[in-house]
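K.L.:
quick one, structure for this:
(chains A and B)
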Amino acid sequence: MLRRTLILIALLALLVVCIKPRMLQIVFTDREAAAREMNGSPDRLWPLYPRFLEGVRAHTQPGDTIAIIAPGMAWDSGYSYAYYRASYFLTGREVLPLVTPENEKLPQNFRAARYIAAFEMTVRMPAEIVWQGEGGTLLRPVWGAVSPVGRANPSGGNATILHPESQR
Amino acid sequence: MTAALIAILSMTVLGLPITLAVDRRARGPLLVGASFLYGSGAIFLILLALSVVKLRWTLPEVTLAALAVFCAASILARQPATGKAQPAARAHVFDVVTLFALTGYALYATLASLWEWDYWAIWGLKARVFLEAGGIDWRFLGSRWNTFAHTDYPLLVPLNFDFVGLLNGSWSDRWLGLLCVAWGVAAVLIVRGLAARETSPFFASLIALALASRAVSTFIGLAEGALIAFGGAAVLFVRAALRDDDDAAAWRHGALMLGFAANCKNEGLALLVAVTIAVAVVSWFRGGETSRSRRLATVTRLWPAYALAAPWLILRFTHVLPTDIAGGSPFSRLMARLPHVHEILGFLITRLHDPWFWIVILAGTLIAPAAARRPERFVFLVTAIQLLFYVAAYLATPNDLHWHVMTSWSRLPAQAALPITFVVFLMLANSLRGSQDAPHAQARPDE
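P.N.:
I've put the predicted structure just below:
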């Protein structure tokens, strides 16, 4: 009798711990609010970034190489997100990181890139501005030119100046 | 949404003759669930094969290849049914609650475009790259800048996403969550069908209800859902094969599902090894008149699993795609961390997601009568080996151990939860009602 009671309790407990109430509740919750939250969840840090990347995609061709510049330029302070997210939005292009997970700079990628996509960063370098919008600038470097021509997002709150020379 | 629904429907139709070719007796929920899983696996193999022979993916080509598979499987499925007839699954009022729970999951999985970090950095990224390239982009996978996307991971899930993309005519991640729903529903249907063979409709429906939350992954867009479905189904079919006098159809189901699980994630490959070891051990200690070496030869019945796992293993070896955990010297890392294994285990226990679930599983196992536990040693062994592999992976990881645990431990135990929940529930349910009532009791081999 005791064993049967224990078995019954275990069976009921198993049923209770297996069922996730969230899965039942969602039918009755405000799904539009939840959808808004989910849609924004990957880009909470930089809500404009996906739209910026869509713009970069629209202004580049498959096969192009694009280096990403983003605030902080440190792997765990946002650069990994910026780089991974860019890889997803810019498929068909080769997205090059400028920082390693150990935060070592990769100047060879800066030189190898046909385009520089700078988000919420001001970049001073000899470059042609291909497109500007959604918080960032798409630049085509002009290697060998003398004067800096690109000055993107001058009013950006997080704006800093990145000198490509400092990367080398 | 239409493209994702058409993809799921066409995969199910494609899988129907495959399921019947594997097991002419398949009926009801098991037939539908297995059909979707086989269809999903077949689409993966078709896209992989087209890539290997360097044929660009187009919808007409994929459709033609799928039709060829469908016709070949239909011819094979014409053979008469062999083996014992299986009891059909009868519906129960609790199935409505299961349906309700799965509807809730479907609403969650399709709330928005897929949002998980690992989706857009690994699974979705590869799918999107391949769809644009019209096949597997080996240059992308070989690039040193893309190792973050775990380029060695098997490709069943990304190639299934690509099938939706081909039907859609372009990339869209808005409704890809429906595939995760389909994998989960397929797993629940298989569980429902298998449970109906061993217990009453009431308990079979309760098992399905309990597993409606455990057979689905809340990590939408990752390969977890597919792995849980293929891996869980594989273990349950092999269990059925071992219990039901080496039922040939159950062996075929088990081996094929296991092979597809190995094409979902590296943990699926680990599961293949775990099942092989467990089958060998259980067969070795099994009673009977045949010699132990002949009983040990039972593991050869898993050969289709290895045949399905081989192509991707060969491809990733020939394209030198690195596995992070095998980088450097994993053995020396493992040895270096071994003295701290108690601390690591303690950390894993404190970080265990859903601890009450595992406590109840443990309690249920101990409370169940020994006679009910003994036939389930295969599933217990597989689960134990899987958990051991996870711990070994943490010991050998080249990453920071805490970071690795924090970013993966919430997902891993869920991969092993489906079969163990199934057997513990069944043990308790059948003990409660008296095992002599179980419709399948007479078919069990003497232990």
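K.L.:
can you map out the strands along the stretch 151-300 of chain B?
P.N.:
Secondary structure of the stretch 151-300 of chain B, counting by DSSP state E, counting those that start in this stretch: no strands present.
K.L.:
no wait, chain A
P.N.:
Assigned strands in chain A, in chain order: A:65-69, A:94-96, A:115-119, A:122-123, A:127-133, A:136-141, A:161-162 (criterion: DSSP state E).
K.L.:
and of the ones you listed, who's closest to B:Leu388?
P.N.:
Put simply, out of the strands of chain A the one that sits nearest B:Leu388 is strand A:94-96, at 38.3 Å, with distance taken as CB to CB. Placement of C-beta: from N, CA and C, glycine included.
K.L.:
and the closest one, does that touch chain B?
P.N.:
Yes. Strand A:94-96 is in contact with chain B by CB under 8 Å from any CB of the partner chain, via A:Glu94, A:Val95, A:Leu96.
K.L.:
residues near the second one, how many?
P.N.:
By that I understand A:Val95. Here the neighbour count serves as a burial measure; for A:Val95 (other CB atoms under 10 Å in any protein chain shown) it reads 27.
K.L.:
likewise B:Ala226?
P.N.:
As a burial measure, B:Ala226 scores 31 neighbours (other CB under 10 Å).
K.L.:
what pLDDT is listed against residue 154?
P.N.:
All of this is about chain A. Model confidence at A:Pro154, given as pLDDT, is 37.
K.L.:
switch to chain B, please.
P.N.:
Reported pLDDT for B:Pro154: 96.
K.L.:
list the buried residues for the longest helix along chain B?
P.N.:
Taking DSSP state H as the assignment, the helix of chain B that covers the most residues is helix B:28-52. Of the residues in helix B:28-52, those buried by neighbour count under the rule 16 or more other CB atoms under 10 Å in any protein chain shown are B:28-48, B:50-51.
K.L.:
also stretch B:65-80?
P.N.:
So stretch B:65-80, judged by 16+ other CB under 10 Å, has buried residues B:Ala65, B:Ala66, B:Val69, B:Phe70, B:Ala73, B:Ala77.
K.L.:
one more: stretch B:49-63?
P.N.:
For stretch B:49-63, the neighbour count (16+ other CB under 10 Å) marks B:Leu50, B:Ser51, B:Trp57, B:Val62 as buried.
K.L.:
dump the residue contacts of the residue in the stretch 201-350 of chain B positioned nearest to chain A.
P.N.:
Residue nearest to chain A within the stretch 201-350 of chain B (CB to the nearest CB): B:Ala210, separated by 3.8 Å. By CB atoms under 8 Å, 6 or more residues apart in numbering or on different chains, the contact list for B:Ala210 reads A:Leu14, A:Leu15, A:Cys18, A:Ile19, B:Thr421, B:Phe425.
K.L.:
and the first one, what does it touch?
P.N.:
Taking CB under 8 Å, 6+ apart as the contact definition, A:Leu14 lies against B:Ala210, B:Val360, B:Ile361, B:Gly364, B:Thr421, B:Val424, B:Phe425, B:Leu428.
K.L.:
show me the shaky parts of the chain.
P.N.:
Picking chain A for this. Within chain A, the segments meeting pLDDT under 70 span A:144-168.
K.L.:
wrong chain, I was asking about chain B
P.N.:
B:83, B:288, B:435-447.
K.L.:
could you work out the most separated pair of the buried residues of stretch B:49-63?
P.N.:
Put simply, by CB to CB the two of the buried residues of stretch B:49-63 set farthest apart are B:Ser51 and B:Val62, 11.2 Å from each other.
K.L.:
what about stretch B:146-160 and chain A, touching?
P.N.:
Yes. Shown here: stretch B:146-160 in contact with chain A (CB under 8 Å from any CB) through B:Asn146, B:Phe148, B:Ala149.
K.L.:
which one among those gets closest to B:Gly232?
P.N.:
Comparing these against B:Gly232 with CB to CB places B:Ala149 closest, at 26.2 Å.
K.L.:
can you get me a residue count around that closest one?
P.N.:
24.
K.L.:
relative to B:Leu321, how far out is it?
P.N.:
10 Å (CB to CB, to the nearest Å).
K.L.:
just to revisit the earlier point, closest to chain A among the buried residues of stretch B:49-63?
P.N.:
Closest to chain A out of those is B:Trp57 (14.7 Å), distances taken as CB to the nearest CB.
K.L.:
in a strand, that closest one, correct?
P.N.:
No. Secondary structure of B:Trp57, determined by DSSP: H, G, I helix; E, B strand; the rest coil: coil, with no strand assignment.
K.L.:
shouldn't it be in contact with B:Leu50?
P.N.:
Yes. With contact taken as CB atoms under 8 Å, B:Trp57 and B:Leu50 are classed as touching, separated by 5.9 Å.
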